[in-house]
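In: Sequence first, predicted model second:
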Amino acid sequence: MNKPFLAGSNAEFLTSWCETRKFPKFRVKQLCNWLYTQVEINPDAMLNLPGNMRDALKEDFYAPGSSVDEIVSSTDGVEKLLLKLHDGECIEMVIIPADDRLTFCLSTQVGCPVGCYFCASGKNGFTRNLRAGEIIEEFIFGVKRAGFPDNLVFMGIGEGLLNFEELADALNILTSPDGFGMSPRRITVSTSGFVPGMQKFAQLKREFNLAVSLHAVTDEIRAKLIPSNVRYSIAEILKAADLCRDANNRQYTIEYTMISGINDDLDSARKLADIALNHHAKINLIPYNATDGMFRRPERSVIEAFETEIKNAGARVTRRVERGTKESAACGQLRISRSKK
Ligand code: SAH
Ligand code: SF4
């Protein structure tokens, strides 16, 4: 059934719903308070609303559509929530606490149409886009578990820019003063380089952060990692990323998943540093997490030498800290391991 999600409904939508259902306008404010201040999406808990309104909400909306099916905790405090959607599909959201900040990693699709060879998210293909409300529900389940996050990264399952309209609606609710009121500077959207989506992202003209999963310094190497169906050239991707940088007024991050024998040579490190310097971008090195037997993670010494080479060239580089359980460190792995059972 194609019902709206209460969690994805903004004040405007709720106002027109109240009008249609003949509930007074002041109820909208109460409802928004429940949703965006109390972070409560179950109408049964909204005790200051009349019973017939709570029933109407449950009838007309998914409230909520998803539920927490399983929580996988690791010793370093990272928690992965496996969420079951209203149609039985599963996605993941990850809670990543650090000393000084709390980060949530959210999914945007069920599966992924890009299907990068090294990634678990696209392994079983693509099932469907998430609705904005389902993305907001991920956020809400995270808040209920760990409190409000300092940072949000769209680095879970899926290519968010291939689900642009729903992602943009979710970003709106997250940042709107009538919604969760988060600063766009604390939100990062990661893309595998879907150029038309990046162009739309630039048109939002908001200070969201962009992370571009480049993974290679030549189109030939990139073709070994990403299938051709949704692959653009590095030149086109960087052009679109520059457009976002100028429109959003934010430096972007170049993500580089390091895979042994494919993209971990020092010549690539120097070229990557050049790209970052030319585009005023930062580099984030992600040591590959094994998902199957096809690729290997480089030795620690190789990763360190690669990083040093970039630093010596004068570019800004960070390395993703290894967090999470072994079984499910890479996004999409938990969902895949459950679907095999
Ligand atoms: N689809 C988007 C966002 C989700 S993936 C994108 O590709 O950017 C988020 C990041 O995780 C990407 O940089 C991706 O390359 C990386 N990633 C995926 N699988 C990985 C794995 N097995 N090991 C290390 N990084 C991985
Ligand atoms: Fe999709 Fe990103 Fe995984 Fe590639 S890395 S398959 S784009 S989720």
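Out: All right, it came through fine. Ligands and ions are numbered 1, 2, ... in the order given.
In: Run a quick neighbour tally on residue 125.
Out: Residue 125 sits with 10 neighbouring residues when counted by other CB atoms under 10 Å. For every residue, glycine as well, the C-beta is placed using N, CA and C.
In: How about residue 197?
Out: Residue 197 has 21 neighbouring residues, counting by other CB under 10 Å.
In: check which helix or strand covers it.
Out: Using DSSP states H and E, residue 197 maps to helix 195-203.
In: quick one: strands adjacent to the very next helix or strand once past that helix?
Out: Downstream of helix 195-203, the next assigned helix or strand under DSSP H and E is strand 209-213. When pairing is defined by DSSP bridges, strand 209-213 lines up against strand 187-191 (parallel), strand 253-258 (parallel).
In: Quick check: what element follows strand 209-213 along the chain?
Out: helix 219-223.
In: Distance of the residue nearest the centre of the chain relative to residue 4?
Out: For the chain, the residue nearest the mean C-alpha position is residue 154 (1.5 Å; CA atoms, centre = their mean). Taking CB to CB, to the nearest Å as the measure, residue 154 falls 22 Å from residue 4.
In: residue contacts, the closest residue to residue 24 other than its chain neighbours?
Out: Nearest residue to residue 24, sequence neighbours excluded (CB to CB, 6 or more residues apart in numbering): residue 18, at 7.2 Å. Residues in contact with residue 18 (CB atoms under 8 Å, 6 or more residues apart in numbering) are 24-25, 27-28.
In: how near is residue 18 to ligand 1?
Out: Look at residue 18 and ligand 1: by CB to the nearest ligand atom, to the nearest Å, they are 37 Å apart.
In: is it true that the residue nearest to the centre of the chain touches residue 201?
Out: No. Look at residue 154 against residue 201 with CB atoms under 8 Å: they stay out of range, at 10.9 Å.
In: For the helix or strand where residue 71 lies, which strands pair with it and how are they oriented?
Out: Taking DSSP H and E as the definition, one finds residue 71 inside strand 67-73. If you go by DSSP bridges, strand 67-73 pairs up with strand 79-84 (antiparallel).
In: show me where this structure has strands.
Out: For the chain, the strands defined by DSSP state E cover 67-73, 79-84, 90-97, 102-105, 109-111, 126-129, 151-154, 187-191, 209-213, 253-258, 282-287, 317-319.
In: before we move on, back to that, could the contacts of residue 18 go into JSON lines alongside pLDDT and neighbour count?
Out: Formatted as JSON lines, the contacts of residue 18 follow (pLDDT from 0 to 100; neighbours: other CB atoms under 10 Å):
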{"residue": "24", "pLDDT": "96", "neighbour count": "9"}
{"residue": "25", "pLDDT": "93", "neighbour count": "10"}
{"residue": "27", "pLDDT": "96", "neighbour count": "19"}
{"residue": "28", "pLDDT": "94", "neighbour count": "20"}
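In: what's the distance between residue 119 and ligand 1?
Out: 4 Å.
In: Within range of ligand 2, give me the residues from the stretch 1-150 of the chain.
Out: 112, 114-116, 119, 121-122 (CB under 6 Å from any ligand atom).
In: Repeat the analysis, applying 5 Å as the threshold.
Out: In this structure, the stretch 1-150 of the chain approaches ligand 2 at residues 112, 114, 116, 119, 121-122, judged by CB under 5 Å from any ligand atom.
In: which one in those residues is the model shakiest on?
Out: Ranked by pLDDT, these bottom out at residue 122 (80).
In: Check whether that residue really touches residue 162, as I assumed.
Out: No. Counting by CB under 8 Å, residue 122 does not reach residue 162; the two are 11.4 Å apart.
In: Kindly point out which residues are neighbours of both of those two.
Out: In contact with both residue 122 and residue 162: 113-114, using CB under 8 Å, 6+ apart.
In: ok, these two, which is more surrounded?
Out: Higher neighbour count among residue 122 and residue 162: residue 122, with 25 against 20, using other CB under 10 Å.
In: Contacts only, for the more buried one.
Out: Going by CB under 8 Å, 6+ apart, the list of residues near residue 122 reads 111-116, 332.
In: got the strands of the chain as CSV, with distance to residue 265 columns?
Out: Formatted as CSV, these follow (distance: least, CB to CB, whole Å):
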stretch, distance to residue 265
strand 67-73, 35
strand 79-84, 33
strand 90-97, 30
strand 102-105, 29
strand 109-111, 32
strand 126-129, 32
strand 151-154, 28
strand 187-191, 24
strand 209-213, 19
strand 253-258, 11
strand 282-287, 14
strand 317-319, 16
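In: Would you reformat the ones you listed as TSV and include distance to residue 42 and mean pLDDT?
Out: Formatted as TSV, the strands of the chain follow (distance: least, CB to CB, whole Å; pLDDT from 0 to 100):
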stretch	distance to residue 42	mean pLDDT
strand 67-73	11	95
strand 79-84	15	96
strand 90-97	18	95
strand 102-105	20	96
strand 109-111	23	96
strand 126-129	24	96
strand 151-154	23	96
strand 187-191	26	97
strand 209-213	32	97
strand 253-258	37	97
strand 282-287	37	96
strand 317-319	39	95
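In: got a list of what the closest residue to residue 102 other than its chain neighbours touches?
Out: Excluding its sequence neighbours, the residue lying closest to residue 102 (CB to CB, 6+ apart) is residue 149, at 4.7 Å. For residue 149, the contacting residues are 95, 101-104, 142-143, by CB under 8 Å, 6+ apart.
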